[in-house]
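Asker: I'll drop the sequence and a predicted model, then ask my questions.
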Amino acid sequence: MRPLSAIDAISPAWNHTRNLLWAPRSWRLLLKVGLVAVLAQMAGFNLSGNKNMNGPMHGAHTGLPAGMVAALVAGIVALVIAGLVIWAVLFYVGSRMQFVLFEVVLRRDTTIGPIWSRYSAATWRWIALKLAFLAVVLLALAPVLVPMLVHMLRTLPHLSKDPRQIAGFFVGMLGYGMVLFVVGTLLGAAYRLLVSFALPSMALESTTLRETVRRVFNLAQAEPVDIFLFLLMNFLLSLAGAMAGGLVLGIFAVVVVIPLGGAGAVLWAILRHSGVAGHAVLYTGAGVLGLVAVALIVVTAIILFGYLYTFLQAYALYFLGGRYPRVGAYLEPLLPPAPAYVPASGFAAPPAS
């Protein structure tokens, strides 16, 4: 398969996604693959600073009973633990679904169960790589972010005593937010490189962490301009797709809510002066109508954004295909013939048959 530029990869990726999801004319297929794509997005990283971490703890001097303070602390700890457990489950499921989405798009195989079963071991290696990546990023940023965060947390309790510090505090907050924005952008770009170029070799060849990182580094070193343009186009396509999906979802929500809301208004007009039985019917009917509206909107959101994420996966594969022959072998039949060149990437060619 010939290498495609970041622009040239858009059209075949769109056609590939359309043939995979739209051509069968099956809403069940759209929903199934869309759910896989949405779940796969739950395996990412978000950097955020907790600027009010010590706020509740400073409430101990307000005269609250010790038992209430202890209960509050225990509740916060329980919520934190529950949040970490939920995050860990979603992170694992999302990481494994990233392999499933890769396989679905690459091979156009929509049998999710068998694909899920094949990637048990690979998922743990993939999680190890992502956690190692996150650890390296945090260690590199700690000398900058930790002093900044500590200073802000120490300043916050004294603002009420010295209002003159408020302006300086908010200037510091603005600077902290800008640093986090830059860091988040760089982290997102690096993570996109991992998802787009590291996961395929781990899925197709079960490469070690060291070999996987070496291949991504070699590719970025060999074609830095093309990689930058790929990341830029990936961001722009994501942004445009999210805006279009949000607009369509908003219009659909209005279309759904108007008739269901009208039905609820009719129920209210008929049953508002009725007895207990009538009120029970009114509240039950309103609840059912609300659940129907929410379900329709959620299903539509999964289909819309699942389609977008599936397209972005196809886009990454078509960009990578000409640089990684094992991927290109699956995509080549869908491309018109053209002269090809061999780029200086670190990805191995498929074995000769």
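Answerer: That came through, no problem. Numbering: from 1, shown residues only.
Asker: quick one: the strands in the stretch 251-353 of the chain?
Answerer: Assigned by DSSP state E, counting those that start in this stretch, the stretch 251-353 of the chain shows no strands.
Asker: okay, and for it, where does confidence drop off?
Answerer: Scanning the stretch 251-353 of the chain for pLDDT under 70 picks out 334-353.
Asker: which helices and strands does the top helix by length along the chain pack with?
Answerer: Taking DSSP state H as the criterion, the chain has its longest helix at helix 224-271. Contacts defined by 3 or more CB pairs under 8 Å, 6 or more residues apart in numbering; DSSP states H and E place helix 224-271 against helix 165-193, helix 276-321. To be clear about C-beta, it is placed using only N, CA and C from the backbone, and glycine gets the same treatment.
Asker: will you turn the ones you listed into TSV that also has distance to Thr212 and mean neighbour count?
Answerer: Output for these, formatted as TSV (distance: least, CB to CB, whole Å; neighbours: other CB atoms under 10 Å):
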stretch	distance to Thr212	mean neighbour count
helix 165-193	11	14
helix 276-321	13	18
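Asker: can you put these in JSON lines and add distance to Leu139?
Answerer: Shown next, in JSON lines, are the helices and strands packed on helix 224-271 (distance: least, CB to CB, whole Å):
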{"stretch": "helix 165-193", "distance to Leu139": "13"}
{"stretch": "helix 276-321", "distance to Leu139": "28"}
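Asker: Now for Leu4, how many residues are close by?
Answerer: 25 (other CB atoms under 10 Å).
Asker: From Val213, how far out is it?
Answerer: 24 Å (CB to CB, to the nearest Å).
Asker: for Leu90, same thing?
Answerer: Distance of Leu90 to Val213, computed by CB to CB: 25 Å.
Asker: between the longest helix of the chain and helix 165-193, how big is the angle?
Answerer: Interaxial angle, helix 224-271 versus helix 165-193 (axes from the mean of the first three to the mean of the last three CA atoms, to 10 degrees): 110 degrees.
Asker: what is the orientation angle of helix 224-271 with helix 276-321?
Answerer: Here the directions of helix 224-271 and helix 276-321 differ by 170 degrees (the same axes, to 10 degrees).
Asker: please begin residue numbering at 845 from this point
Answerer: That works, and once the first residue is 845, the last one we named lands at helix 1068-1115.
Asker: How far off centre is helix 1068-1115?
Answerer: In terms of CA atoms, centre = their mean, to the nearest Å, the centre of helix 1068-1115 is set 16 Å apart from its chain centre.
Asker: ok, back up a step: Ala884: which of the helices and strands packed on helix 1068-1115 is closest?
Answerer: helix 1120-1165 (6.8 Å; CB to CB).
Asker: what pLDDT does the nearest residue to Glu947 once chain neighbours are set aside get?
Answerer: Using CB to CB, 6 or more residues apart in numbering and skipping the chain neighbours, the partner closest in space to Glu947 is Ile959 (4.8 Å). Looking at Ile959, its pLDDT is 92.
Asker: just checking, what packs against the helix or strand hosting Ile959?
Answerer: Using DSSP states H and E, Ile959 sits within helix 956-962. Packing partners of helix 956-962 (3+ CB pairs under 8 Å, 6+ apart): helix 910-951.
Asker: how far away is the residue positioned nearest the centre of the chain from Phe1155?
Answerer: Nearest to the mean C-alpha position of the chain, by CA atoms, centre = their mean, lies Gln885 at 3.0 Å. Per CB to CB, Gln885 is found 13 Å from Phe1155.
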